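>>> turn this into a structure:
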Amino acid sequence: MIRTIVESAGPKMEKAIERFSEELKSLRTGRASVTVLDGVMVESYGALQPLKTMASINTPDARSLAVTPWDKGMLGPIEKAIRENQSLGLNPMNDGNVIRVSIPAMTEERRRDVVKALGGKVEECRIHLRNIRHDVLNEVKRMEKAKDATTDDVKFAEAELNKMIDRFQRKIDELEAAKAKEIMEV
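Here you go, the predicted model:
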């Protein structure tokens, strides 16, 4: 029983790592990538919607993106949403059919800022992992109070969860190092 409760934390932690990995794709490096615009929300008919649900996004070359809205009336709001997203620092150009976004080469200062943002995302993921561990431990301690588990069960759960956390922390460190290297690459 205790073992299954402890093992249930694994898939939750795996999901946290997957989400972290997806968030890393949205951090801008020097190259154009459609995932750069993943977090952009566009106001459409009074509601915010993800850009990727309103337009096709592709990379015609390594330094630019082309955003083609399915509704030409949304050109203005899409352009505004991209321009106002401060974390991207992009300047879109609207030619009446397609919004072109050139990806400027990042300065050293901008690279450092992006690496700093990476550190924030890493810390968020670590907090999420610790919260999962905390929830599972609380469940085991609740069982101990209800006399459904022993003190040894609690110690076992704690040891196993700590091993699990260490394993996932190493994954986070590997992903962070790879992304930091990619960002700082000129």
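>>> the longest helix in the chain is where?
The longest helix of the chain (DSSP state H) is helix 108-145.
>>> what mean pLDDT does it have?
Average pLDDT, helix 108-145: 90.
>>> and the next helix-or-strand element following that helix, how far from the chain's centre?
For helix 108-145, the succeeding helix or strand toward the C-terminus, using DSSP states H and E, is helix 151-184. For helix 151-184, the separation from the chain centroid amounts to 17 Å (computed by Cα atoms, centre = their mean, to the nearest Å).
>>> ditto for stretch 67-79
Put simply, stretch 67-79 sits 25 Å off its chain's centre (Cα atoms, centre = their mean).
>>> coming back round to it: now the angle from the longest helix of the chain to helix 151-184?
170 degrees (axes from the mean of the first three to the mean of the last three Cα atoms, to 10 degrees).
>>> just checking, what packs against helix 108-145?
In terms of contact count using 3 or more Cβ pairs under 8 Å, 6 or more residues apart in numbering; DSSP states H and E, helix 108-145 is assigned the packing partners helix 2-7, helix 9-26, helix 151-184. Using the backbone N, CA and C atoms, a C-beta is placed for each residue, glycine as well.
>>> include mean pLDDT and distance to K145 when you put those helices into TSV, please.
Output for the helices and strands packed on helix 108-145, formatted as TSV (pLDDT from 0 to 100; distance: least, Cβ to Cβ, whole Å):
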stretch	mean pLDDT	distance to K145
helix 2-7	86	14
helix 9-26	89	20
helix 151-184	90	10
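>>> turn these into TSV, columns for distance to P60 and mean neighbour count.
As requested, the helices and strands packed on helix 108-145 are exported to TSV (distance: least, Cβ to Cβ, whole Å; neighbours: other Cβ atoms under 10 Å):
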stretch	distance to P60	mean neighbour count
helix 2-7	47	15
helix 9-26	19	16
helix 151-184	21	15
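>>> which one of these lies nearest to D71?
helix 9-26 (24.1 Å; Cβ to Cβ).
>>> centre of the chain to the closest one, how far?
On Cα atoms, centre = their mean, the centre of helix 9-26 falls 8 Å from the chain's centre.
>>> take the helices and strands packed on helix 108-145 and write them to a markdown table, including distance to G96.
Formatted as a markdown table, those follow (distance: least, Cβ to Cβ, whole Å):
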| stretch | distance to G96 |
| --- | --- |
| helix 2-7 | 56 |
| helix 9-26 | 28 |
| helix 151-184 | 34 |
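>>> mind checking which of the ones you listed is nearest I78?
Set against I78 and scored by Cβ to Cβ, the helices and strands packed on helix 108-145 come closest in helix 9-26, at 17.0 Å.
>>> paired strands for the very next helix or strand once past that closest one, with orientation please.
Next in sequence after helix 9-26, counting helices and strands by DSSP H and E, comes strand 41-44. Strand pairing for strand 41-44, determined by DSSP bridges: strand 47-50 (antiparallel).
>>> what mean pLDDT does the strand it pairs with get?
On average, strand 47-50 scores 88.
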